[in-house]
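*Asks:* next come a sequence and a model predicted from it.
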Amino acid sequence: MAGKKVVVAGATGLVGNAALRHFELVGGVEVVALSRRKPRQLHGARHVPIDLMDAAQYAQAARELIGATHLVYAALYEAPNLIDGWRDQAQIDTNDRMLRNLMAALEPAAPALKHVTLLQGTKAYGSHVRPLNVPAREGRSEMYEQPNFYWAQENFLRALQKGKSWHFSILRPVLIVGLAMGGAMDLIPPLGVYAAMLREEGRELDYPGGAPRVGQAVDVDLLARAIAWAGESAAARNEAFNVTNGDVFTWENIWPAVADALHMKPGKAVPQSLVQESKKWIAPWDELRRKHGLVSPGLHEFVGLSLQYADYQMRYGQTEPGPPSIVSTVKINQAGFTEMMDTEVMFRKWFAEARASKLLP
């Protein structure tokens with residue numbers, strides 16, 4: 001993508017920050033990072049502070065959008081009650097308006113716009129309300145009858161693009177694993193804090209989740225490379241693609257690798273809500289930060305809403321095995337993006353990164 005100007009909306013989030021990292025590695029790309037807060041690392045990007053819901057801020061931001069060729073739209077509003085918010089009309093309306101506001105500012109400033117990447121996920125197949133068709137496939141398994149901000153954004157973008165020279169791609173990652181602070185759906189901070197609490201007590205890493213379910217994950221760096229591919233590939237124009245690591249896992253089977261990555265031994269199954277347990281962690285986490293010289297912030301700022309997401313993903317409270325949550329990646333593979341990653345290796349990678357970065361002890 002050398003010689004391009006990429007705008008990354010939602011630059012402090014898991015996906016947005018991974019996109020910044022990727023384009024820095026590629027080199028020769030001008031990157032503008034849009035977010036309310038300045039990202040912990042900009043990776044050579046220029047930060048433009050903006051609240052995508054505040055129309056008054058776009059006049060200033062529009063100057064920074066001049067000449068943009070690509071938009072990576074990774075911005076996301078989640079309701080404070082994360083899981084219930086996925087079906088909330090206010091959440092749908094907010095996410096719809098954010099994209100509309102940005103495109104209204106971007107198109108006039110960027111007549112050379114070539115591509116927009118939009119992020120969805122397995123909620124496109126109703127994973128939050130029903131068992132998936134296995135494997136869920138693009139174009140035949142969508143749950144359009146379920147209200148979802150995906151459809152509001154997708155319908156808007158499809159209508160806006162008609163007759164234009166730019167194109168879009170929709171990527172549907174599964175469980176995304178990487179490292180961001182204060183995110184809504186980032187498992188490394190909450191699991192890392194949980195492990196630190198147990199290790200400080202000299203305990204093994206007990207498994208806190210419920211009954212098993214076969215699922216999939218995707219490394220956020222792999223996803224960033226898929227985003228870059230979609231922005232340049234003719235085969236990706238106006239298409240939707242599932243994105244995964246290429247394998248499947250259950251939390252129970254991968255738990256020993258998680259424990260090993262955190263220099264612990266795997267413990268026994270002890271079902272517990274990390275949301276509830278975390279109420280006891282605030283002061284001990286501050287003490288651990290001082291003891292180990294960590295650069296990570298206080299508990300709530302570090303984990304965001306991700307404790308809720310951890311309980312959901314690990315099926316806390318579920319006593320019966322869940323239906324498999326599997327999507328097909330045949331379409332993206334046949335279109336030309338064929339990268340894969342071992343999910344165990346992915347978890348080891350990100351816990352090692354968190355420790356090396358002094359975010360976890």
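*Replies:* Now that the structure is in, tell me what you want to look at.

*Asks:* buried ones in stretch 163-182?
*Replies:* Neighbour counts over stretch 163-182 (16 or more other C-beta atoms under 10 Å) mark 166-182 as buried. Just so you know, the C-beta spots here come from the backbone N, C-alpha and C atoms, and that holds for glycine as well.

*Asks:* so what's the gap between that stretch and the chain middle?
*Replies:* Stretch 163-182 sits 8 Å away from the centroid of its parent chain (C-alpha atoms, centre = their mean, to the nearest Å).

*Asks:* per-residue pLDDT, the closest residue to E320 other than its chain neighbours?
*Replies:* Among residues not flanking E320 along the chain, A211 sits closest, at 5.4 Å (C-beta to C-beta, 6 or more residues apart in numbering). pLDDT for A211: 95.

*Asks:* burial count for A211?
*Replies:* A211 has 15 neighbouring residues, counting by other C-beta atoms under 10 Å.

*Asks:* got the contact list for it?
*Replies:* Neighbouring residues of A211 by C-beta atoms under 8 Å, 6 or more residues apart in numbering: 315, 318-322.

*Asks:* how about the strands in the stretch 251-361 of the chain?
*Replies:* Taking DSSP state E, counting those that start in this stretch to define them, one finds strands in the stretch 251-361 of the chain at 266-269.

*Asks:* in it, where is pLDDT below threshold?
*Replies:* Nowhere does the stretch 251-361 of the chain drop to pLDDT under 70.

*Asks:* again, only using 90
*Replies:* The stretch 251-361 of the chain contains residues with pLDDT under 90 at 304-305.

*Asks:* contacts for stretch 36-45 next, please.
*Replies:* For stretch 36-45, using C-beta under 8 Å, 6+ apart, the contacting residues are 8, 11-12, 16-17, 20-21, 23-24, 31-33, 47, 49-51, 181.

*Asks:* quote the end-to-end distance of that stretch.
*Replies:* 15 Å (C-alpha to C-alpha, to the nearest Å).

*Asks:* mind listing what's buried along it?
*Replies:* For stretch 36-45, using 16+ other C-beta under 10 Å, the buried residues are 39, 43, 45.

*Asks:* same check, this time on stretch 299-317
*Replies:* Going by 16+ other C-beta under 10 Å, stretch 299-317 has these buried residues: 299, 302-316.

*Asks:* can you check stretch 58-78 too?
*Replies:* Counting neighbours by 16+ other C-beta under 10 Å, one finds that the buried residues in stretch 58-78 are 58, 61-62, 64-65, 68-78.

*Asks:* restricted to helices, list the residues you listed.
*Replies:* Counted as lying in helices by DSSP state H, out of the buried residues of stretch 58-78, are 58, 61-62, 64-65.
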